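A.B. asks: here you go, sequence then predicted model.
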Protein chains: 4
Amino acid sequence: MSSEKSIQEIYKSYVATGSVKKFMNDIKAQGIQENDPRLSQIAELTKEREQKEKKVDYENFARRSTPCCGLMKKFSERQFVIPNFEKFTKTIEDLYWRIKPNTTGKNAAYIPQLASIPDYWGISICTVDGQRFQIGDTGNGFSIQSCCKPLNYAIACEYLTSDVVHKFIGQEPSGRMFNEMVLDHNNQPHNPMINSGAIATASLIYTLIDGDQRRSMADKFDMVKTWMERAGGNERFGFNNSIYLSEKEVADRNFALGYFMKENKVFPEKTNMLESLDFYFQLCSIETSAETFSVVASTFANGGVCPLTDEKIFSVDTCRDVLSLMHSCGLYDYSGQFSFNVGLPAKSGVSGVIMLVIPNLAGIVCYSPKLDQHGNSVRGIQFCEELLKTYAIHPYDNLRHTLARRSIYEDK
Amino acid sequence: MSSEKSIQEIYKSYVATGSVKKFMNDIKAQGIQENDPRLSQIAELTKEREQKEKKVDYENFARRSTPCCGLMKKFSERQFVIPNFEKFTKTIEDLYWRIKPNTTGKNAAYIPQLASIPDYWGISICTVDGQRFQIGDTGNGFSIQSCCKPLNYAIACEYLTSDVVHKFIGQEPSGRMFNEMVLDHNNQPHNPMINSGAIATASLIYTLIDGDQRRSMADKFDMVKTWMERAGGNERFGFNNSIYLSEKEVADRNFALGYFMKENKVFPEKTNMLESLDFYFQLCSIETSAETFSVVASTFANGGVCPLTDEKIFSVDTCRDVLSLMHSCGLYDYSGQFSFNVGLPAKSGVSGVIMLVIPNLAGIVCYSPKLDQHGNSVRGIQFCEELLKTYAIHPYDNLRHTLARRSIYEDK
Amino acid sequence: MSSEKSIQEIYKSYVATGSVKKFMNDIKAQGIQENDPRLSQIAELTKEREQKEKKVDYENFARRSTPCCGLMKKFSERQFVIPNFEKFTKTIEDLYWRIKPNTTGKNAAYIPQLASIPDYWGISICTVDGQRFQIGDTGNGFSIQSCCKPLNYAIACEYLTSDVVHKFIGQEPSGRMFNEMVLDHNNQPHNPMINSGAIATASLIYTLIDGDQRRSMADKFDMVKTWMERAGGNERFGFNNSIYLSEKEVADRNFALGYFMKENKVFPEKTNMLESLDFYFQLCSIETSAETFSVVASTFANGGVCPLTDEKIFSVDTCRDVLSLMHSCGLYDYSGQFSFNVGLPAKSGVSGVIMLVIPNLAGIVCYSPKLDQHGNSVRGIQFCEELLKTYAIHPYDNLRHTLARRSIYEDK
Amino acid sequence: MSSEKSIQEIYKSYVATGSVKKFMNDIKAQGIQENDPRLSQIAELTKEREQKEKKVDYENFARRSTPCCGLMKKFSERQFVIPNFEKFTKTIEDLYWRIKPNTTGKNAAYIPQLASIPDYWGISICTVDGQRFQIGDTGNGFSIQSCCKPLNYAIACEYLTSDVVHKFIGQEPSGRMFNEMVLDHNNQPHNPMINSGAIATASLIYTLIDGDQRRSMADKFDMVKTWMERAGGNERFGFNNSIYLSEKEVADRNFALGYFMKENKVFPEKTNMLESLDFYFQLCSIETSAETFSVVASTFANGGVCPLTDEKIFSVDTCRDVLSLMHSCGLYDYSGQFSFNVGLPAKSGVSGVIMLVIPNLAGIVCYSPKLDQHGNSVRGIQFCEELLKTYAIHPYDNLRHTLARRSIYEDK
């Protein structure tokens, strides 16, 4: 069926009989939110209609459907990646409530701004078709902390190619704490997901290969934030200045790391190490919500195309490399166990955020500030592991001869 | 189409018109070998016919087709997992010849038995449908060395469950050399793919959880070898006694490791450490060929069912765990880079073997004794990495919005 | 005054007027014991006299004084190294009683034989002139444990020269625990006072430089024990077989160390590592008492000549090297602090022994099985540190312009 | 003989017969230099006499001899610590010329200011009686570098007591490189002679125990420099600003160390770490010559009293502690071997200086910029080791029963 035909059908079923609103409701039941940018023109129609009680003619409807023709087609053919979205969200809700009473763990305590955050708990999901679901504290802002690492890496790769980035940083799990003062056999950071690698990555963003800076830090910060916003469907990201200032104040280990790396010539030649470090602290202090950040995660799940805007943000090669590294090194010292139990790319931050990517299906962001001994959100990890028990989404879960388990795709 | 119908069709097309042999040739073109155990009765038919020039009646043919009805169905419907096997093998052949001139690297030198092996080079493939292909030195025997690690782990898991095994051994990449004298934060080996973890695994095989031994070492060795043979389609495995004796003689590091582990109470309580170590050396000295070992690899690819005998060897849970660990820790210090570049489960041994598992597709074994600095076969690694450039089989290679790349499944 | 004149004088003062016994009493007051081998002939005289009431003529007395002419001279000239022995021993007694109530610390617990030893406390002193003093449990036997290290090293140096020994072992404090699995920058044990160095030393005793063994272990053991006995004034040393057997049983770390060293080619070429290890365990299990062992210590203090027998046991070069290493590495991880506080060569063993050498003055052995966190006898360390506060015997304590402190030499 | 009588005698022998100059020449032959502050008034006399040809009366001479009455006494009694100074200096000269051709080693290269220093070679000696001797490039200025460590430690101890200083810093050799990023079991620097310990020491100078600063850095620097000058007989010390600036620029490792220490709470509470680090760099950049610095060394040899001014600079306790630490940790990674071979306190700096202290005898400073692999001056180390072979000055070299070796005290 062509998308034109889909639009005709939708017009016939809904609009002709007088109810754009009903269409909006029905598509909402599939997880497509009213404020979805693809639907903005249709949404306007609803409002206009409400005011004017005027009939919408097909031409008008079709014109306004152009930005969302793909969405229309999927809707009319019932081909969203999660066909039974209601049942799926019910499952997530159950998990949400089941996990909520778990109040073990402790907030990160090294700065007061993190120590004092209340016991939030939220889950936000965005599928590769832009179906969205939120439950709990998904609107509350948090600093992304280590979750900036995969994004910085992605942006550096887009600008310099992955090959150039990996001239400075390895790809190996370190087997050590994320902040340990250690380099690999080549005297390079083990990978971009540990602190040393992330500081090196920060030094590479919008930088010539010889470390020459063509842009001011203000410019670079703006561009990274804009990039994140584009990956997040153009929703706004903020900056938590008090977190930034506090982080910087207590960052003795990172300063030690920076000088240690400088001594070992980890950085490109002309790099200003202290500026790179400062830039890294700034990137960690970018603020978002679970709701918005799940769109970023879904962009990775969707091969680099933002599901809400259909904009190509990252190349598929970049996506593959980011996901590979999140898979093997995303959860600090728990990465191996997580990759064993869950087998999916994920990244955590000490603010309590965990971003989980289910390739070709969805991005999920959990937010709950209490951390386990590894520095990962207690509830976030529990959610990921229970989700895996619920659905057969471990990459080696669908081997031949596996007795049928519940598939997320066929949830009926 | 039912498998009965397939058999009828094949009878009609081939046997009725007088040519079981032609059928055998045609199915051989799909990679099913004459000596495939599933075809043994049909193969007998060919021989009888040759001797007696007697017509085969349908009933006879159908009866003899019972053990291979699944195979018959796939053949008649042309639904082998690699539909165009000829084209596929041509690609592999090209890779074989392209890689052959690469004579860099050095044999393992710590024992003369490994140092003196000629510069062999062979590739053997077995798909999850039992389609097989060999090129080069795939019949030459080699000791499996570290390739016993995933098998030992699988057998220990089958006997004790993965949960019990992981009470003694972790799941984290170590970030260190395979033989380093180091344990994880829980004073346990990092994972079953490094030496310490493999020695611990050996101590768990056919052992009660308290380390109590119910079987003699002879018994245990026999049972492990039999298990490997079953995973290898009942082809014979050998034992290289001179390798075993030499290994033992120079195994200072492993003895040091064993005592270090004993001191740290890594083993179950009643374990005889020296016996476990000896058992581990024996398991490393088991001998096979690339040809046979690729069947073992395909058993893992096939969810634990041997493609040639349809026998269930390992549970899917065991398969998932083995593949997860091969994915993250299979290639020594190169594991992270391999998982980044190739993203598939693999395991190498210092004899020059690399076993690659493409889940739900095939097992591939490369054999070439010259090793790189990490201890992995130079040609084996090159083959894996070039294969990945040829076909889109990296797990994050088929993200949505990826521009079409050559699929191994649709090679036409 | 010639020694002949001294003998004449003594004859005149004591024997002529009828009392060899009085002489024996007077010299005993100077710390020279009745059973001193130098006095054995004179002592016989006493007994004979008692029986026969016969007058001793000068010739007889002079003849019997030959072996102790040096002693006679010092006695008559009142030139013993500690002139006021009584006052000195009073000071030691005071320290003994002051320290006795300190029952902190814990017996070594890794073998029951050490764990169950009662709370002994003894101090034994032997000056370089053979003046002796004991208080407390100085007759109780103990295994010498790590106190065999300086002796083994001395014996190896005598046989091979220090230069050859240090081709295999360094001279640097390790800054680590005594049993840590670590070698120095040359892949050698840091020094002969840590376990790795002591095992290497054991492999060198009575061994050709290429590791060739010309003697059986039984022979070697006997010769070492004999050597110790000679250094101890020919008093008997024993062997604690149950300690030896237990040590060996729990020696996982030492076995690990041995294999680790073998792998790193620490030993001479033909060395049988397991035999060297076993030999080391045997040497640790040699048994002595504080009383006897203080004579060994005084032999080192006396430049290698046993004060009781005037036999040359070790060359002065060997003595210098042994004392240098005891100075810098004798007390495990506390060596630096001890050298800072006390500045004298000492060696401890986990049985609770501490041997302190005050060069050119005396050897002191403390015995008390309760150990501190570093593995040194709590009371032994306390004694050494309080002794230093009592007498100015720190090597940098007698710098010019030091306000007069109490000298051990002038204690009047 | 009273010192008055000595002065009378000298007057009689020299002045009365008309020749103060002859006296000056004769005392100069004993190593007492014309510009010795103790002789300044007598030296004036010479000059006056030259101008005025006037006879010196006894009263005048005696008055002017007051500040040097001790010196006069030793001279007239021929009791200088090195009685035959001429023979001694001849021996040193021989060593100087023998070692001069050794041009192995390499200048420190991390800053151009050190890399480009010519191949200087000088030896300067000052005995505890102020007898002085120089040969070679002993007037050339050099930055003291690590040789500031014992002085800073001494000054900190004088101000805070050794007990307080060692609440922050240990006394144990580290067994590692001087700049390694490692702390001891108490999370403190191993000792004040490695970089971390020296930085911590710098933070303690003229600082309250809680890290509160009562003085500006300018003040503190001035006071330390003045202290050094007093220890150096009031000869002037300089500051090499270009060395300071360069050091600071390349000090990545020290910055890393500083932040690492800050993170581990090594410093007193209110310490400004960056300022302490800067202060440390400044102290390393203080400039002196071998000639002057040998007086500092002799002050330590003399129990803290400057031989040239008889001023008490350091308490004997401070001296003892400084010498103990120089003994065990003064020559980086070579300390153990040096303490084994030489057994005397010494401290080296990467500018090529080695300060050797022979307690109660002399301070010796060698200067030669080419360094060995450990960072110690090649010629300086060779000098120390050959000196030890020439004279029996190893602390365990004068054990009883040592065959007579050449004594530095009786060199006739």
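C.D. replies: It's in. These figures come from a predicted structure and were not determined experimentally.

A.B. asks: make it CA atoms for all contacts and neighbour counts henceforth
C.D. replies: Will do.

A.B. asks: any idea how chain A splits into domains?
C.D. replies: In the assignment given by automatic domain parsing, the structural domains of chain A cover A:3-76, A:97-390.

A.B. asks: so how far is the longest one off the chain centroid?
C.D. replies: Using CA atoms, centre = their mean, to the nearest Å, we find the averaged C-alpha position of domain A:97-390 to lie 9 Å away from the chain's own average C-alpha position.

A.B. asks: hmm, that domain in reach of chain D?
C.D. replies: Yes - Domain A:97-390 reaches chain D (CA under 8 Å from any CA of the partner chain) through A:Asp252, A:Arg253, A:Phe255, A:Ala256, A:Leu257, A:Gly258, A:Tyr259, A:Phe260, A:Lys262, A:Glu263.

A.B. asks: and A:Leu114, how far from chain B?
C.D. replies: Counting by CA to the nearest CA, to the nearest Å, the gap from A:Leu114 to chain B is 26 Å.

A.B. asks: I'd say that residue and A:Gly352 touch.
C.D. replies: No - contact between A:Leu114 and A:Gly352 fails when scored by CA atoms under 8 Å: they sit 9.3 Å apart.

A.B. asks: number of nearby residues for A:Lys47?
C.D. replies: When neighbours are counted by other CA atoms under 10 Å in any protein chain shown, A:Lys47 registers 13.

A.B. asks: do the same with A:Val182
C.D. replies: By other CA under 10 Å, the residues close to A:Val182 number 18.

A.B. asks: find the closest residue to chain D in chain A.
C.D. replies: Ranking the residues of chain A by distance to chain D (CA to the nearest CA) places A:Ala256 first, at 3.7 Å.

A.B. asks: all strands of chain A, in order?
C.D. replies: A:122-127, A:132-136, A:141-143, A:238-239, A:286-289, A:346-348, A:353-358, A:362-367 (DSSP state E).

A.B. asks: which residues are in contact with the second one?
C.D. replies: Just to be clear, that refers to strand A:132-136. With contact meaning CA atoms under 8 Å, 6 or more residues apart in numbering or on different chains, strand A:132-136 is reached by A:31-33, A:89, A:93, A:96, A:120-126, A:291.

A.B. asks: what touches both of A:Leu114 and A:Gly352?
C.D. replies: Here A:Leu114 and A:Gly352 share the contacting residues A:Asn107, scored by CA under 8 Å, 6+ apart.

A.B. asks: looking at these two, which has the bigger crowd around it?
C.D. replies: Set side by side, A:Leu114 and A:Gly352 give different neighbour counts by other CA under 10 Å, the larger being at A:Gly352 (31 against 20).

A.B. asks: which residues touch the more buried one?
C.D. replies: Taking CA under 8 Å, 6+ apart as the definition of contact, the neighbours of A:Gly352 are A:Asn107, A:Cys366, A:Tyr367, A:Ser368, A:Pro369, A:Lys370, A:Leu371, A:Asn376, A:Ser377, A:Gly380.

A.B. asks: quick check: closest non-adjacent residue to the third one.
C.D. replies: When you say that, I think you mean A:Tyr367. Counting by CA to CA, 6 or more residues apart in numbering or on different chains, A:Val353 is the residue found nearest to A:Tyr367 once chain neighbours are left out, at 4.5 Å.

A.B. asks: now the last one
C.D. replies: Using CA to CA, 6+ apart and skipping the chain neighbours, the partner closest in space to A:Gly380 is A:Cys366 (5.3 Å).

A.B. asks: swap in the first one?
C.D. replies: Of all residues not flanking A:Asn107 in the chain, A:Lys370 sits nearest, at 4.5 Å (CA to CA, 6+ apart).

A.B. asks: and for the closest residue to chain B within the stretch 201-350 of chain A, the neighbour number?
C.D. replies: Scanning the stretch 201-350 of chain A for the residue nearest chain B gives A:Gly336, at 4.1 Å (criterion: CA to the nearest CA). Residues near A:Gly336, counting by other CA under 10 Å, number 29.
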